[in-house]
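> Compute the structure for the input listed below.
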Amino acid sequence: MSMRRFKQLLAAIAAPLMLAAAGSVMAGQPPVPLKLDGMNDADKQLILRGQYLATASDCIACHTVHHGKAMAGGLVMSSPVGDIVSTNITPSKTTGIGNYTEQQFSDAVRKGVRADGARLYPAMPYPSYALMTDEDIHAMYVYFMKGVEPVEKQTAETKLPFPMNMRFLMTGWNLMFLPSKPLADDPGQSAEWNRGRYLTQGAAHCSTCHTPRGVAMQELGDRDLSGAQVGAWYAPNITSDKVYGIGSWSREELVTYLKTGRVEGKAQAAGSMAEAISFSFSHLTDADLNAIATYVMSVKPVADAKAAPSGKSRFEQGKAGNDLSGFRGEGYVMGVKGGSAGAQLFSANCASCHGFNAQGTKDGYYPSLFSNAATAGPSTSNLVATILYGVDRKTAAGHVFMPPFGGQPNAMVALNNEEIAQLANYVFTNHGEPTLQVTAADVQVIRDGGPRSNIITLARIGMGVGAVVVLLLLLALIVRSKRRNRGVVARKR
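Residues are numbered from 1 along each chain as shown. As a prediction, the model looks like this:
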């Protein structure tokens, strides 16, 4: 037996043990500490409200590194224009926001302006937070200043390539795309719908990931929540369209998904959405989750023919089956090797949990790979990213863990780009949308954090063209001035 095959066998045996160990460790972790000692009831209630709003806003997901101090920053996030490092937002007076006034805090959260006047990038979803009320921002300020433990930690500086490193350029972007005031209730809608819209568009900032963006990286409002690439992952269409979106979901299914991160036969949360479920949505009240469901189910349906080439929704594609006979048994022993490399990789790395027919387990802990949003839809990214990065999601319903296969320290087996492409293509062909196929180069893009935007190139070209125009204007003015001077001299003669 080769060493590689031995590792694959070991992975199949050890995976359940890893799951159990990881579950016990995660279950024992305490919640984010909250400072309430010595406070009166009014202050406690205000801090608890601010904590709830910060949870709804999912601040901890971006401002906390894995196993790090809460809100201390330092997380490196891949964006279409480069890596962005989150800052320390604890009340530390030396490395955090402890010296911020409430107005400075509000300006940072809702306008994207730091206390020193520097502009934030919209990776911090301040365009969504701009819709939040003064009262909610006040509660969040009190929570961060009085309820969060200060952490003395200096984070690395974000260094984007030219010209995105010139933060003042965000001034013009804000003038064009930043909302000017909090979201007002629609009197023609119910209180539940208005609450759901406020959370969806504001604190929960769903459009930040699920809405496609234009050439200036602005959200395209006419395609709100219709799906977009976010780093290595694809945030799918969550409009009310029954084929392309989640219009076929019931309210109960949507609420269950937000609570647990999974709806069997439809979808399971991974990547950034798993973080949003673990740190934010699963901690919201049932009333707020139902309000979000009410609003999202009313969002204008947006269709995209590319998203469903078979005419079926991403939740209705694929079937059970396997290709084991081609590479097992007498034929394989005799050297008549049929079957695909992808089938062999699936058997060695996936079948022990998801089943040889990709049917998953009866309780849904290991999901079916057919009737699964990750194996169909408009993008190959989510299946490839799941293979590369695994799944790590914790809610009150339990801890879900799938080890990564991308070479991370906790990866039992490290698959190269070609192997991941073969494995993904096998799953797409046999259990999902067969027209979805990837190459090793596609896998490398996801391994590197996802596709990059061409906005930097366009900006550089634009600045170059602008510089040329300015030079030509200056040259024209100089020539014109010289001609005038010559005319004056000639008249004097």
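
> For the closest residue to Glu316 other than its chain neighbours, grab the count of nearby residues.
In space, Glu316 comes closest to Ser371 once its chain neighbours are excluded; the distance is 6.4 Å by C-beta to C-beta, 6 or more residues apart in numbering. (C-beta placed from N, C-alpha, C; glycine too.) Counted with other C-beta atoms under 10 Å, residues neighbouring Ser371 total 24.

> In this structure Ser371 contacts Gly265, no?
Yes. With contact defined as C-beta atoms under 8 Å, Ser371 reaches Gly265; the gap is 4.7 Å.

> what touches both of the two?
Phe315 (C-beta atoms under 8 Å, 6 or more residues apart in numbering).

> which sections of the stretch 251-400 of the chain are below the confidence cut-off?
By pLDDT under 70, the low-scoring segments of the stretch 251-400 of the chain are 305-310, 323-339.

> now do 50
The stretch 251-400 of the chain contains residues with pLDDT under 50 at 330-338.

> so where do the helices sit in it?
Counting by DSSP state H, counting those that start in this stretch, the stretch 251-400 of the chain has these helices, from start to end: 251-260, 271-279, 286-296, 330-333, 341-349, 351-354, 381-389.

> Domain-wise, how is this structure divided?
31-182, 455-493 (automatic domain parsing).

> Same list (those domains) but as JSON lines, adding mean pLDDT, distance to Thr239 and mean neighbour count.
Shown next, in JSON lines, are those (pLDDT from 0 to 100; distance: least, C-beta to C-beta, whole Å; neighbours: other C-beta atoms under 10 Å):
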{"stretch": "domain 31-182", "mean pLDDT": "92", "distance to Thr239": "17", "mean neighbour count": "17"}
{"stretch": "domain 455-493", "mean pLDDT": "57", "distance to Thr239": "25", "mean neighbour count": "11"}
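
> Including distance to Thr439, could these go into a markdown table?
Formatted as a markdown table, the domains of the chain follow (distance: least, C-beta to C-beta, whole Å):
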| stretch | distance to Thr439 |
| --- | --- |
| domain 31-182 | 21 |
| domain 455-493 | 23 |
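
> Let me know which of those is the nearest to Gln218.
Within the domains of the chain, the stretch nearest Gln218 is domain 31-182; the backing value is 4.5 Å (C-beta to C-beta).

> Let me see the confidence value for the residue lying closest to Met132 once chain neighbours are set aside.
Of all residues not flanking Met132 in the chain, Gly202 sits nearest, at 4.9 Å (C-beta to C-beta, 6+ apart). We have a pLDDT of 98 for Gly202.

> Spit out the contact partners of the residue positioned nearest the centre of the chain.
Closest to where the C-alpha atoms of the chain average out (C-alpha atoms, centre = their mean) is Ser272, at 3.9 Å. Shown in contact with Ser272 (C-beta under 8 Å, 6+ apart): Ala61, Cys209, Val230, Gly231, Trp233, Ala235.

> The fourth one and Pro80, how far apart?
Gly231 is 8 Å from Pro80, where distance means C-beta to C-beta, to the nearest Å.

> Quick check: neighbours shared by the two?
Applying C-beta under 8 Å, 6+ apart, one finds that Gly231 and Pro80 are jointly contacted by Gly450.

> Share the number of residues neighbouring Gly355, please.
16.

> Ok, Gln408 next?
Residue neighbour count, defined by other C-beta under 10 Å, stands at 12 for Gln408.

> Surely it is in a strand?
No. Read with DSSP: H, G, I helix; E, B strand; the rest coil, Gln408 is coil and lies in no strand.

> wait, doesn't Gln51 sit right on Gly147?
Yes. Taking C-beta under 8 Å as the definition, Gln51 is a contact partner of Gly147 at 6.0 Å.

> which residues are common contacts for those two?
Listed as contacting both Gln51 and Gly147 by C-beta under 8 Å, 6+ apart are Leu34.

> Please work out which of the helices of the stretch 251-400 of the chain is packed deepest.
helix 381-389 (a mean of 24; mean count of other C-beta atoms under 10 Å).

> Looking at the domains of the chain, which is nearest to Gln344?
Among those, domain 31-182 sits nearest to Gln344 (C-beta to C-beta), with 31.5 Å.

> for that closest one, the distance to its chain's centre please.
For domain 31-182, the separation from the chain centroid amounts to 17 Å (computed by C-alpha atoms, centre = their mean, to the nearest Å).

> Give the buried residues for stretch 358-365.
Ala358, Gln359, Gly360 (16 or more other C-beta atoms under 10 Å).

> Please report the confidence value the model assigns to Ala14.
38.

> residue contacts, the closest residue to Phe405 other than its chain neighbours?
In space, and not counting its chain neighbours, Phe405 is closest to Leu415: 4.6 Å by C-beta to C-beta, 6+ apart. Neighbour list for Leu415: Leu345, Asn349, Ile387, Phe405, Gly406, Leu423 [criterion: C-beta under 8 Å, 6+ apart].

> now the fourth one: how far from Ala341?
For Phe405, the distance to Ala341 equals 15 Å [C-beta to C-beta].
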